[in-house]
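Colleague: Build me a model:
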Amino acid sequence: MQFLPILAAAALVVSLIRSPRRTLSALKRGGKKLLKLLPAFFAMLFIISAFLYFTPRQVLAEYLGNENVFISFLAAGGFGSVTLMPGFVAFPLAGILRDQGVPFVVLAAFTTTLMMVGIATFPLERYYFGTKVALIRNAFGLIIALIVSFGIGLFFGELW
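Modeller: Purely as a prediction, here's the structure:
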């Protein structure tokens, strides 16, 4: 994983050697866009983090570990679609939920929709990419996430 930062640094050095003026101009533009994006990103992150902090893991396990796997599957897809959290938080949480008896199909629905669908980030996506692109991306993300989750449920024998 350390290969990517090294590659990015090397590309930056090559770009600086070839055209220092254009490279610095691009870095300034990128920095300005990043600074413009940060307040909205931090606001979203704060709201979702507060929600997750005040929602006990047992409550999540109760809704996701329901006796009816289909209902739990849909609930997990819904939770994952509206929640915003990084993978290094999501996957340990999935491990904790698995230890509490949540089926793999439900965990797959939660984690795949979490990574592929962004209802919480939709306003930001709409602003930068347009409504049509944001809707299409989220719709395809949801469809693919549910297909993958369904396949995992079949693989582990939790659906039939």
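Colleague: Could you measure from residue 62 over to residue 77?
Modeller: To residue 77, residue 62 is 17 Å away according to Cβ to Cβ, to the nearest Å. For the C-beta atoms, the positions are set from N, CA and C on the backbone; glycine is no exception.
Colleague: okay, the two: which has more neighbours?
Modeller: Counting neighbours by other Cβ atoms under 10 Å for residue 62 and for residue 77 shows that residue 77 has the greater number, 22 against 13.
Colleague: So what touches the regular element (helix or strand) spanning that one?
Modeller: Counting by DSSP states H and E, the element that carries residue 77 is helix 69-82. For helix 69-82, the external contacting residues (Cβ atoms under 8 Å, 6 or more residues apart in numbering) are 60, 63-66, 102-103, 105-107, 109-115, 117-120, 142, 145-146, 149, 153, 158-159.
Colleague: Give me the buried entries from those.
Modeller: Buried members of these, scored by 16 or more other Cβ atoms under 10 Å, are 60, 63-66, 102-103, 105-107, 109-115, 117-120, 142, 145-146, 149, 153, 159.
Colleague: Would you mind finding the longest helix in the chain?
Modeller: Determined from DSSP state H, the single longest helix within the chain is helix 20-54.
Colleague: That one - contacts with which helices or strands?
Modeller: If contacts are counted by 3 or more Cβ pairs under 8 Å, 6 or more residues apart in numbering; DSSP states H and E, helix 20-54 sits against helix 3-18, helix 122-129.
Colleague: Reformat the ones you listed as CSV; add distance to residue 91, mean neighbour count and mean pLDDT.
Modeller: Formatted as CSV, the helices and strands packed on helix 20-54 follow (distance: least, Cβ to Cβ, whole Å; neighbours: other Cβ atoms under 10 Å; pLDDT from 0 to 100):
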stretch, distance to residue 91, mean neighbour count, mean pLDDT
helix 3-18, 20, 10, 92
helix 122-129, 23, 14, 88
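Colleague: will you turn those into TSV that also has distance to residue 42?
Modeller: Below are the helices and strands packed on helix 20-54 laid out as TSV (distance: least, Cβ to Cβ, whole Å):
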stretch	distance to residue 42
helix 3-18	23
helix 122-129	12
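Colleague: closest one to residue 85 among these?
Modeller: helix 122-129 (15.7 Å; Cβ to Cβ).
Colleague: So which residue is dead centre in this protein?
Modeller: Nearest to the geometric centre of the chain sits residue 115, at 2.9 Å (Cα atoms, centre = their mean).
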